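K.L.:
Mind folding the following:
(chains A and B)
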Amino acid sequence: MIALLMAFALSADVHVVRDGETIETIAAQLGDSALAAVVRGENGLAAGAQVPPGTVLTLPPIAGHVDQEAIVTAVSGSGEVTTPSGTSPLFVQMTLPPGSLACTNADGFATLRLATDGVNGHDDLILLPSTCIRIVAVTNRPSGRSSAVEVTQGSVEIRAIDGGGGDVTVLSEAGVTTGDSGGFRVALEDAGSARTEAIGGDVAVMGSGAEVAVANGQGSRTIPGQAPSPPVDLLPPGNPTLPTAGGTLRTPDFEWTGVDGALGYRLQVSIAPDFSDIVYATESPRPELRPDRLFLPYRVSGLWWRVTSFDLTGFEGPASTPRRVAMPAGIGQ
Amino acid sequence: MMLWLALFMTAHASPELGASPELGASPELGASPELGTSPELGVSPELGASAIGLVRSDGPAGAGARVTVGFPARAAWAVEGQLEGGATSAGGFAAARVAGRIFANRTEDGGLGVLLGAGAMLDERGLDPRLTLGIAGVPVGRGRARFRIEAGAEIGLAGLDALHFGVGGVLWKREGERIPRPEKEPEPVPIEEPEAEPVLAEVPEDLPEITVQPDGAMVWIPHPVCAWAPASEAGALLAEYGGEQPVQVRAPGFLPGTVDAAGGAVSLERAPEQGAIVVVGWPGDVVRFDGDEVSTDPTGVVVTNAPPGPVLLDVVGYGRVAQVDAYVGDGMALWVRVPPPEPVRVLFGSGSASVSGSVLGQIQAIAEAMGDGHLLLRGGSSPEGNADANARLGRRRAESVRAALIAAGAPPEQVHLGESEIADGPPGPQQRRVTLTPLRSAP
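P.N.:
So this is what the prediction gives:
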């Protein structure tokens, strides 16, 4: 029990070292150049030592840095959370202090709100099915919001934030992805590699001391022990055609235009237009989907769907513009 | 040497309550004199109490209590004052000291460090100066009340005087946020760039008040807050939101509603415990829910509501009978695509157009499962012999099947004759047939 408490207690604010940064420049960013020695002390570094890009530094408590907790804002399906107080099912509004483990099951989606500044907004992370993450740090700083999570299984998506997001860093055994405007995915692959897809903003991908800039619309793969792969272009999405815009989902038939080079497509249905509350997702090898069964909530303000395309190497591109569909007349009456 | 530890937890006054001398004069957390005059202090004073055990080098052992006021710095050290009192088997004792804690690896959530102190102890031997050297684990945990442990040696003028041990708790101001409430956060302590501090929303004194029935309802606070909050606690967040659009209100088992963001009352309507099933069949299919027939639309779709639980769907049409297990979930719609009807073949003997007894049962079953579906009948034959004769044979076979279907009860207007099939491939019994093909609409 004591060990568990200590494990959670030792979680703290972090900084991911970027290409060209030194401990001194990082301390200066924190507002006090004299903090360089403290930062080294916190991380067991010798005097004068520097670290390569991608290193995750633990920061000392800094005046003005408000440590926060992640909050579950949406859940569909099932999942579990392990916090210092124990393990429980995922539910909306539960708080996740640093160190918490949040997992979705094969039927589960969850959206977590990471750092918030209470005025301009917040950063959100979506756990796709069969995904586990650990909350590393959630902080509101004078210089902006900062959040870090570690993905241990599955895939996460950081929502794009209009008007400027906070720094969000996704760690994995294969590498580090960080961006300051959201809009990226990180997916762990069976071979132990991690795939980063920039779908709404530019990100940096780091691994083995190297950093690669990945522009919006590109992807990069990190493999343990190797530098990130050079960026590759992502496929565009297909254009939804059925149901028609604003049409009724009378039969579970979805169609969209095909994309050259696509190995397959992914379709998502959400009860929120910004896809912060995904309730269904699946794949199709063709630009159409006609599931035998479809299970969706109907006491909602609306339903939206969108599609993405993925290529032969697994890179998945940005999503199509969400299309709204209506429930058939008579449901719930 | 007998070592013992006593657990002692003391109820502490919360800093917000103003019960501690340090904080009582400064009801706002960020405005305490200590913080205001010590810019290096990144957190508030910590108040603590511990049970202590004492073993003197000359034999007596005893116990007592200690009260501490600590001033943790933002980096790796802290200063604290200690007052303690108790008794040993030789008599009572009291001590006061100022101590410093230097941490090997400290965060705001705890750490382990060295404790160095200097002060004086008064006991039956008199008043003597003391140095304290020990280790301390301070404050461990993430809540407001945290653990504190320590052990150390008391060194007097004559050398090692006693060993002491302590276990207790400290009251720590910082705590994790359930939801952002900027008005309750401490004022940011500037380091060098006060202009870069986060801009915190001003919260008016008159907070929106939302009353929702039932109790336990949740309110969705729109962007930039984006959070669910209990209706009873939504006022501050709604003030922070500041928008004018009605906000969503939800409660399990009730239909969602909206309420004015400026405040108001709403009573949610209890949601009927029901779900919905959308059966996607073929036009003319007959659908039964647990034996009760429901009507389909011209496209073969039926929408129906039902109480939560398992249901059995029977779908009949085009000569097929399909049974589908489904489950109705409360508030959920389930689309079920019924297996489509497949073409069926009725086989004949060589050169025969007579419906034999062996296939009459098959035709009877098809006729009884027609629903409102349509079938197209095309006769065929094996390719040996005259082609025209074979075509006529195929036609007669189709007419025989149609007649048998009608005799068995199939509506004549739903059974249609088509062109004879032209056999291909080597001759075989599978070519002496009539194929019954489902049609979505009448030809």
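K.L.:
only C-alpha atoms for contact and neighbour calcs from this point on.
P.N.:
Fine.
K.L.:
For beta bridges, what are the partners of the residue lying closest to A:T244 once chain neighbours are set aside?
P.N.:
Once flanking residues are discounted, A:T244 sits nearest to A:V325: 7.9 Å by C-alpha to C-alpha, 6 or more residues apart in numbering or on different chains. With DSSP bridges as the criterion, A:V325 is bridged to A:L303.
K.L.:
And for A:F295?
P.N.:
Assessed by DSSP bridges, A:F295 has beta-bridge partners B:L334.
K.L.:
That one: neighbour count?
P.N.:
17 (other C-alpha atoms under 10 Å in any protein chain shown).
K.L.:
give me every residue that touches it.
P.N.:
Residues near A:F295 by C-alpha atoms under 8 Å, 6 or more residues apart in numbering or on different chains: B:M332, B:A333, B:L334, B:W335.
K.L.:
coming back round to it: residues touching the residue nearest to A:T244, list them.
P.N.:
The neighbours of A:V325, taking C-alpha under 8 Å, 6+ apart as the test, are A:P243, A:T244, A:A245, A:G246, A:G247, A:T248, A:L249, A:G302, A:L303, A:W304, A:W305.
K.L.:
Against A:D311, how distant is A:L235?
P.N.:
Counting by C-alpha to C-alpha, to the nearest Å, the separation of A:L235 from A:D311 is 7 Å.
K.L.:
just for the stretch 151-300 of chain A, where's the confidence low?
P.N.:
Within the stretch 151-300 of chain A, the stretches with pLDDT under 70 are A:162-164.
K.L.:
please redo it, this time with the cut-off set to 90
P.N.:
Residue ranges of the stretch 151-300 of chain A with pLDDT under 90: A:160-165, A:181, A:245-246, A:274, A:276, A:299-300.
K.L.:
repeat for the stretch 151-300 of chain B
P.N.:
Using pLDDT under 90, the flagged stretches of the stretch 151-300 of chain B are B:151-152, B:154-266, B:269-273, B:290-291, B:294-296.
K.L.:
go with 80
P.N.:
Scanning the stretch 151-300 of chain B for pLDDT under 80 picks out B:170-207, B:222-227, B:236, B:240-245.
K.L.:
Strands along that one, start to end?
P.N.:
B:159-171, B:210-213, B:218-221, B:227-230, B:247-250, B:257-259, B:264-267, B:275-280, B:286-289, B:292-294 (DSSP state E, counting those that start in this stretch).
K.L.:
In PDB, list the C-alpha atoms belonging to the fifth one.
P.N.:
Coordinates of the C-alpha atoms in strand B:247-250 are reproduced here as PDB (Å, rounded to 0.1, in the frame of the first residue of the first chain):
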ATOM      1  CA  VAL B 247     -27.400  24.000 -21.200                       C
ATOM      2  CA  GLN B 248     -28.200  20.300 -21.300                       C
ATOM      3  CA  VAL B 249     -29.400  18.500 -18.100                       C
ATOM      4  CA  ARG B 250     -29.400  14.800 -17.800                       C
END
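K.L.:
That one pairs with which strands, parallel or anti?
P.N.:
If you go by DSSP bridges, strand B:247-250 pairs up with strand B:218-221 (antiparallel), strand B:257-259 (antiparallel).
K.L.:
out of the contacts of A:V325, which one sits closest to chain B?
P.N.:
Closest to chain B out of these is A:L249 (9.5 Å), distances taken as C-alpha to the nearest C-alpha.
K.L.:
which residues does the residue nearest to A:L171 when sequence neighbours are not counted form a beta bridge with?
P.N.:
Spatial nearest neighbour of A:L171, excluding adjacent residues (C-alpha to C-alpha, 6+ apart): A:E150 at 4.4 Å. Here A:E150 sits in beta bridges with A:R134, A:L171, going by DSSP bridges.
K.L.:
Relative to chain B, how far out is A:E150?
P.N.:
Counting by C-alpha to the nearest C-alpha, to the nearest Å, the separation of A:E150 from chain B is 20 Å.
K.L.:
And for that residue, the neighbour number?
P.N.:
Other residues lying near A:E150 total 19 when counted by other C-alpha under 10 Å.
K.L.:
what residues does the stretch 101-250 of chain A put near chain B?
P.N.:
For the stretch 101-250 of chain A, the residues found near chain B under the criterion C-alpha under 8 Å from any C-alpha of the partner chain are A:116-122, A:140-144, A:250.
K.L.:
And chain A, what are its domain boundaries?
P.N.:
Chain A breaks down into these domains under automatic domain parsing: A:14-58, A:66-233, A:240-325.
K.L.:
Please identify the most buried of these.
P.N.:
Most buried of the domains of chain A by mean neighbour count (mean count of other C-alpha atoms under 10 Å in any protein chain shown) is domain A:66-233; its value is a mean of 22.
K.L.:
ok, back up a step: would you mind putting the strands of the stretch 151-300 of chain B into a markdown table with mean neighbour count alongside?
P.N.:
Putting the strands of the stretch 151-300 of chain B into a markdown table (neighbours: other C-alpha atoms under 10 Å in any protein chain shown) gives the following:
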| stretch | mean neighbour count |
| --- | --- |
| strand B:159-171 | 21 |
| strand B:210-213 | 20 |
| strand B:218-221 | 24 |
| strand B:227-230 | 22 |
| strand B:247-250 | 21 |
| strand B:257-259 | 18 |
| strand B:264-267 | 15 |
| strand B:275-280 | 25 |
| strand B:286-289 | 21 |
| strand B:292-294 | 11 |
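K.L.:
need the ones you listed in TSV with distance to B:E368, can you?
P.N.:
Below are the strands of the stretch 151-300 of chain B laid out as TSV (distance: least, C-alpha to C-alpha, whole Å):
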stretch	distance to B:E368
strand B:159-171	80
strand B:210-213	54
strand B:218-221	54
strand B:227-230	55
strand B:247-250	49
strand B:257-259	49
strand B:264-267	52
strand B:275-280	21
strand B:286-289	12
strand B:292-294	16
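K.L.:
who wins for proximity to A:E42 among those?
P.N.:
Ranking the strands of the stretch 151-300 of chain B by proximity to A:E42 (C-alpha to C-alpha) places strand B:159-171 first, at 23.4 Å.
K.L.:
Alpha carbons only: can I get that closest one in CSV?
P.N.:
Provided in CSV are the C-alpha atoms of strand B:159-171 (Å, rounded to 0.1, in the frame of the first residue of the first chain):
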residue,chain,number,x,y,z
GLY,B,159,27.1,13.1,23.1
LEU,B,160,24.2,10.9,21.9
ASP,B,161,21.4,11.5,24.3
ALA,B,162,18.4,9.8,22.8
LEU,B,163,16.8,8.2,19.7
HIS,B,164,13.4,9.4,18.7
PHE,B,165,10.7,8.2,16.3
GLY,B,166,7.6,10.0,15.0
VAL,B,167,4.5,9.2,13.0
GLY,B,168,1.8,11.7,12.3
GLY,B,169,0.1,13.8,9.8
VAL,B,170,0.3,17.2,8.2
LEU,B,171,-2.3,19.4,6.8
